[in-house]
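Trainee: this one's sequence-less:
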DNA sequence: GACTGCCATGCTCATATGTGCATCAGCCTG
DNA sequence: CAGGCTGATGCACATATGAGCATGGCAGTC
């Protein structure tokens, strides 16, 4: 019953605004009783347009969840093979139906993996402090967390993320939702992911504004993160952390992708130490030391990073789609 | 990981028909990638009408679940009070937002309670044999069960239900969904809920067709059931088990509602022993003996039955809406 | 082989919903 | 206080969806 206590406590502290109450009532009336937006508007005394917008917001804020229950979702053979091969504490491999379009496959894989990860995390019930990273897959995961899925004390952002480009990292949204669903306090890392020099990195990490979060990140027993690919559609490129020169250097060094902004070679080693020293956040070695580390790999081309992360021994539970899992097992 | 094994095993035995695969792909494309039904049809090579029907089926079969996450859903104070007052193992009290219409309130209460019950059951993870009853609330509960929510060996119907009227009890649907989501075998009770005579009841219960299920019902450590009100909209009246004479006699005897077809007085005693002896299924005493009994009470007017059931000591975990819980605590 | 009832399909048309745009209130700024 | 900015509202219209009905294949029956 601790779950109920936690969510209730979290709630009591801020007694939810009228607008949100309205949104939830609208959602109930529309989705549960399937009234039309018109009818809902009549009941609540607002225009149908407003109802539409309320429902929109409910969907975006994940107050309404639409979920496809896929009876054949998990591929136990691959899960077992991964656990055996890499000595994992667990693995979740989901079957992602093909959509016919590459971009959509990517999206769908992210959704399916995120959903499975949310469910698996809930079954693991990590307590205490939980460290999280950011990125598209993490955002999706956050959206799939259910209120009260576990009772944590603190959610800590594991690596820097303040974007320098128009493309936002939305790291705070992710951390906030983890916090809101668990009743935990949150701790953001107010720093870029990658800076220009080793010295600046050290100075920032030494400053309390970043350093305290970093210390909390070190202290957390659990970490949840996604794996990024390298290349023009990488989140780090889109967010402006990596320029062409960095990308070229990484490619030369054999980097295949990143974990918490740390770019790895296929063998699971830091690909470019000079870049690593300009990266703000929990270092790979600290990640390896944690009791529970859940890594998500979703979408085409994630095979190599997943393998690298496994070889780097910084993942104890892998959540991946079928093609990624298959690639890893084929190339291990 | 036993959950994955169970669902996978359940799947492997019947490799899901093409039509169902199609339905799931359509649901993915429509709900997850929000394509229009037209676009989905184009991708899958079927007409938009067919897509509409596939989605319809997906919704009805609960392959797509639309859920309103209500951040203020649980009322912990009431839960604690119920646990203390009646010595329960647990209680779940959900806040049901008012809709403005009495009939809709009823519907919504059923939905909210069923959803909360499904979530709570999953967190309890009952194993072995699970006995279940039937009724509108149970049907709703069954629809909210997620594949792999627990790993049971057997799902047993606890009381008779073959309908004699046009209004179907849908007991088999309920039991089947419990079975399908847990990978368990199912055992139906092929008998009416209430028959005309004590002797016929005994004869039916002695017959292997009913007796074996009844023995399994006795043997199960867990029971899940809903509480019914007495009156013209009772499921037993709608299904044709109770006529006007029976209703009048029950009213005279002070019956307030039923648990597994056993009508109780407000004090928690069998209201009308002569009727009880014509009722097929697990008797109240056997229910009391179980380790875990989860009782659902949803909707207006359920207060009295809920109190009766609590006094009868046949509930260890109560799941109810706020008004029911409040009524019970006011009148205890 | 003709008949018949059944079910899946696709159609038309009414309805429900989303989008872009004009409007307007509130609020900061000079 | 004028001006202008921002965010919320409602509208007209284009589009998407659902309901009822006609069609046509198909299996079972005589």
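Mentor: Everything's here; your move. Worth saying up front: this structure is predicted, and the values here are computed from it rather than measured.
Trainee: quick check: domain ranges of chain A?
Mentor: Listed by automatic domain parsing, the domain ranges of chain A are A:2-60, A:76-331.
Trainee: chain center to the last one, what's the gap?
Mentor: Taking Cα atoms, centre = their mean, to the nearest Å, one finds domain A:76-331 lying 7 Å from the centre of the chain it belongs to.
Trainee: count of neighbours near the one residue in the stretch 201-332 of chain A that gets nearest to DNA strand C?
Mentor: Relative to DNA strand C, the nearest point of the stretch 201-332 of chain A is residue A:238 (23.0 Å; Cβ to the nearest atom of the strand). In this view, the C-beta of every residue, glycine as well, is placed from N, C-alpha and C. The tally of other residues near residue A:238 (other Cβ atoms under 10 Å in any protein chain shown) stands at 17.
Trainee: could you measure it against residue B:240, distance?
Mentor: Noted for residue A:238: a distance of 65 Å to residue B:240, by Cβ to Cβ, to the nearest Å.
Trainee: what about the residue of the stretch 201-332 of chain A closest to DNA strand C, distance to residue A:169?
Mentor: Residue A:238 sits at a distance of 9 Å from residue A:169 (criterion: Cβ to Cβ).
Trainee: Over to residue A:133?
Mentor: With the distance defined as Cβ to Cβ, residue A:133 ends up 10 Å from residue A:169.
Trainee: what's the answer for residue A:126, then?
Mentor: The gap separating residue A:126 from residue A:169 is 23 Å, by Cβ to Cβ.
Trainee: neighbour-wise, which of the two wins?
Mentor: Neighbours around residue A:126 and residue A:169, counted as other Cβ under 10 Å, are more numerous at residue A:169. The numbers are 26 against 21.
Trainee: what's that one in contact with, if anything?
Mentor: Counting by Cβ atoms under 8 Å, 6 or more residues apart in numbering or on different chains, residue A:169 makes contact with A:134, A:135, A:161, A:162, A:163, A:193, A:235, A:239.
Trainee: for the residues you listed, which one is nearest residue B:330?
Mentor: For those, the closest approach to residue B:330 (Cβ to Cβ) belongs to residue A:134, at 48.9 Å.
Trainee: and the closest one, what does it touch?
Mentor: Contacts for residue A:134 (Cβ under 8 Å, 6+ apart) come out as A:157, A:159, A:161, A:169, A:170, A:171, A:174, A:175.
Trainee: quick one: the strands in the stretch 201-332 of chain A?
Mentor: Assigned by DSSP state E, counting those that start in this stretch, the strands in the stretch 201-332 of chain A fall at A:222-229, A:255-259, A:262-265, A:292-297, A:317-321.
Trainee: Which parts of the stretch 101-250 of chain A are helices?
Mentor: Assigned by DSSP state H, counting those that start in this stretch, the stretch 101-250 of chain A shows helices spanning A:102-124, A:136-144, A:171-182, A:198-206, A:208-219, A:235-238, A:244-252.
Trainee: Can you give the contact residues for the last one?
Mentor: Contact partners of helix A:244-252, identified using Cβ under 8 Å, 6+ apart, comprise A:194, A:230, A:231, A:232, A:237, A:242, A:263, A:271, A:272, A:275.
Trainee: Next, the angle strand A:255-259 makes with that helix.
Mentor: Helix A:244-252 and strand A:255-259 are oriented at 110 degrees to each other (axes from the mean of the first three to the mean of the last three Cα atoms, to 10 degrees).
Trainee: out of the helices of the stretch 101-250 of chain A, which comes closest to residue B:100?
Mentor: With respect to residue B:100, and counting by Cβ to Cβ, the nearest of the helices of the stretch 101-250 of chain A is helix A:171-182 at 28.8 Å.
Trainee: List the contacts of that closest one.
Mentor: By Cβ under 8 Å, 6+ apart, helix A:171-182 touches A:6-7, A:10, A:62, A:130, A:132, A:134, A:138-139, A:141-143, A:145-152, A:155-157, A:161-162, A:184-189, B:71.
Trainee: in it, what's buried?
Mentor: A:171, A:172, A:173, A:174, A:175, A:177, A:178, A:179, A:180, A:181, A:182 (16 or more other Cβ atoms under 10 Å in any protein chain shown).
Trainee: So which residue is smack in the middle of chain A?
Mentor: By Cα atoms, centre = their mean, chain A has its centre lying nearest to residue A:138, at 1.6 Å.
Trainee: OK, contacts around that residue?
Mentor: Going by Cβ under 8 Å, 6+ apart, residue A:138 touches A:132, A:174, A:224, A:225, A:226, A:296.
Trainee: of those residues, closest to residue A:39?
Mentor: Distance to residue A:39 across the contacts of residue A:138 (Cβ to Cβ) is lowest for residue A:174, with 35.7 Å.
Trainee: Find the nearest non-adjacent residue to the closest one, please.
Mentor: Closest residue in space to residue A:174, ignoring its immediate chain neighbours: residue A:142 at 4.5 Å, by Cβ to Cβ, 6 or more residues apart in numbering or on different chains.
Trainee: tell me the pLDDT at that neighbour?
Mentor: Per-residue pLDDT puts residue A:142 at 93.
Trainee: List the buried residues for stretch A:244-258?
Mentor: For stretch A:244-258, burial by neighbour count (16+ other Cβ under 10 Å) applies to A:246, A:247, A:249, A:250, A:253, A:255, A:256, A:257, A:258.
Trainee: want to throw those residues into CSV with pLDDT and distance to DNA strand C?
Mentor: Shown next, in CSV, are the buried residues of stretch A:244-258 (pLDDT from 0 to 100; distance: Cβ to the nearest atom of the strand, whole Å):
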residue, pLDDT, distance to DNA strand C
A:246, 90, 36
A:247, 91, 34
A:249, 94, 41
A:250, 94, 38
A:253, 95, 43
A:255, 95, 38
A:256, 95, 37
A:257, 95, 33
A:258, 95, 34
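Trainee: Now flag whichever of those is closest to residue B:46.
Mentor: Of those, the one sitting nearest to residue B:46 (Cβ to Cβ) turns out to be residue A:257, at 37.9 Å.
Trainee: Quickly list what the closest one is bridged to.
Mentor: Under the criterion DSSP bridges, residue A:257 forms beta bridges with residue A:229, residue A:264.
Trainee: pretty sure it is touching residue A:227, no?
Mentor: Yes - if you go by Cβ atoms under 8 Å, residue A:257 and residue A:227 touch, sitting 5.7 Å apart.
Trainee: In stretch A:231-246, which residues are buried?
Mentor: A:234, A:235, A:236, A:237, A:238, A:239, A:240, A:241, A:242, A:246.
Trainee: Include distance to residue A:327 and pLDDT when you put the buried residues of helix A:171-182 into JSON lines, please.
Mentor: Below are the buried residues of helix A:171-182 laid out as JSON lines (distance: Cβ to Cβ, whole Å; pLDDT from 0 to 100):
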{"residue": "A:171", "distance to residue A:327": "28", "pLDDT": "90"}
{"residue": "A:172", "distance to residue A:327": "33", "pLDDT": "88"}
{"residue": "A:173", "distance to residue A:327": "30", "pLDDT": "86"}
{"residue": "A:174", "distance to residue A:327": "27", "pLDDT": "92"}
{"residue": "A:175", "distance to residue A:327": "30", "pLDDT": "94"}
{"residue": "A:177", "distance to residue A:327": "30", "pLDDT": "90"}
{"residue": "A:178", "distance to residue A:327": "29", "pLDDT": "94"}
{"residue": "A:179", "distance to residue A:327": "34", "pLDDT": "92"}
{"residue": "A:180", "distance to residue A:327": "35", "pLDDT": "86"}
{"residue": "A:181", "distance to residue A:327": "32", "pLDDT": "86"}
{"residue": "A:182", "distance to residue A:327": "33", "pLDDT": "87"}
